[in-house]
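Undergrad: have a look at this prediction, sequence included:
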Amino acid sequence: MLHFITHIIEVKPYSVIYTFNTNETRLVDLKPLLEKHNSPESIFRKLLDADYFKTVKLDSYGTLSWDNEVDFCPDVLYEMSASI
């Protein structure tokens, strides 16, 4: 099944609670991934700014995205997240 996010419920520094098209509410913590890819040239580096992280939007493809063109595959987000 292809997953996509239908609604962002809550955004905290480095984590997001959202609903998928499966009607599941899930939580993803992106901090470990962001810290792992924190080199000066990394496009993920800006997301470690907690205020910038909170600017996340739901794009037309049903995934999390930021203005710096960072986004994540919804299926990967599904696998990285936990049901709540």
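TA: Received, thanks. Treat the numbers as computed from the prediction; the structure is a model and nothing was measured.
Undergrad: and the longest strand for the protein?
TA: strand 5-12 (DSSP state E).
Undergrad: what's the closest non-adjacent residue to the most centrally placed residue in the chain?
TA: Geometric centre of the chain, nearest residue: Leu64, 4.7 Å, by C-alpha atoms, centre = their mean. Nearest residue to Leu64, sequence neighbours excluded (C-beta to C-beta, 6 or more residues apart in numbering): Val56, at 5.2 Å. Quick note: C-beta positions are derived from backbone N, CA and C, even for glycine.
Undergrad: touching, that neighbour and Asp67? I think so.
TA: No - using C-beta atoms under 8 Å, Val56 is not in contact with Asp67; the gap is 9.6 Å.
Undergrad: tell me which of the two has more neighbours.
TA: Between Val56 and Asp67, counting by other C-beta atoms under 10 Å, Val56 is the more crowded of the two (19 against 10).
Undergrad: mind checking how far the more buried one is from Ser65?
TA: 7 Å (C-beta to C-beta, to the nearest Å).
Undergrad: distance check, the residue nearest to the centre of the chain against Glu24.
TA: 16 Å.
Undergrad: ok, back up a step: quick one: contacts for the residue nearest to Leu64?
TA: Ile8, Val11, Val16, Leu64, Ser65, Trp66 (C-beta atoms under 8 Å, 6 or more residues apart in numbering).
Undergrad: now do Lys57
TA: Ile8, Leu64, Ser65, Trp66.
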